[in-house]
Every structure is written in C-alpha cells, then in structure tokens.
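Asker: this is a predicted model, with the sequence first.
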Amino acid sequence: MNKLLRVFLNTHMGLGHNGLTSLAAQKRVSLPSLPTGEHVVFINRARTALKMYSPGNVVHYLKLPPGQKLRMETVQHFPNSLGGGEIQYGKALAASFEKFTKKTVKQTNTQAVL
C-alpha cells in the first residue's frame, strides 16, 4: 500500500536530491532508505509546486498552472495518483472529493437517524 511518511512545507524547490535528502535527514527521515510504498512530499511556500520522493531515489515533480494553489486535502492521495511517472493532480482531486462526499453523506445519514 502506498502511503505518505512525511510532508515538508515551505520547501525551496531548487533543492535537488542531495538538498532534499539533507532536509529530510534533519528530521530523522532517511530518503535513500525509504521502504517500498512509502513516500515523502515537499511543498513550496506558495503551494504551487511539490516534489514527492519515492523509493529508489525517484523524485516526482508537480507544478500547478498559474493562479492555482495546491489543495492540501489532496496530498494524502498523491502516492496513489502516479501514472506514467508523473503525479496526476486531477486523480488526487477526484479521490479527495470522493472521500469528502462519502464523509458528508455518512454524517447526513447519522444526523437523520438522531
């Protein structure tokens, strides 16, 4: 199962493998030793770009179109939104929306019973 091990906010997107590895190591996260299925996400201050570090020293990069900001509730879905070597933000948005609507329907049904 794919999961996020850690999310780093306010990351300088100019950092490469060595810079990301050093930043993570300061918080006791070993990027080169990530087990299969675990990922670490680095998000810039403006929330317009991110890098997701995956096992095998693979870095996925996502930059949103001008005027768009990363919706933080989508971050948890990034490990399962990889396709063709890239993060499919639309897929993460859809998964986030689906989770929200299921939660809303469940809350509505619970309130109706009360």
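Answerer: Thanks, I have the structure now. Predicted model, so just to flag it, every value in this text is computed and none were measured.
Asker: flag the shaky bits of the protein, pLDDT-wise.
Answerer: Residues of the chain that meet the criterion pLDDT under 70 lie in 84, 103-114.
Asker: can you pull up the most central residue in it?
Answerer: Central residue of the chain (Cα atoms, centre = their mean): Val75, 3.4 Å from the mean position.
Asker: so that residue makes contact with Val41?
Answerer: Yes. Taking Cβ atoms under 8 Å as the definition, Val75 is a contact partner of Val41 at 6.0 Å. Bear in mind the C-beta positions are built from the backbone N, C-alpha and C, glycine included.
Asker: give me the common contacts of those two.
Answerer: Here Val75 and Val41 share the contacting residues Leu4, Val7, Leu50, scored by Cβ atoms under 8 Å, 6 or more residues apart in numbering.
Asker: other residues contacting stretch 1-18?
Answerer: 19-20, 23-24, 27, 29, 34, 37-45, 49, 51, 57, 59, 75-76, 78-80.
Asker: where do the strands sit along the protein?
Answerer: 3-8, 38-43, 49-54, 58-63, 82-83, 86-87 (DSSP state E).
Asker: can I get those strands in a markdown table with mean neighbour count and distance to Thr101?
Answerer: Shown next, in a markdown table, are the strands of the chain (neighbours: other Cβ atoms under 10 Å; distance: least, Cβ to Cβ, whole Å):
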| stretch | mean neighbour count | distance to Thr101 |
| --- | --- | --- |
| strand 3-8 | 15 | 22 |
| strand 38-43 | 22 | 24 |
| strand 49-54 | 21 | 24 |
| strand 58-63 | 15 | 24 |
| strand 82-83 | 14 | 23 |
| strand 86-87 | 16 | 22 |
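Asker: alright, that wraps it up for me.
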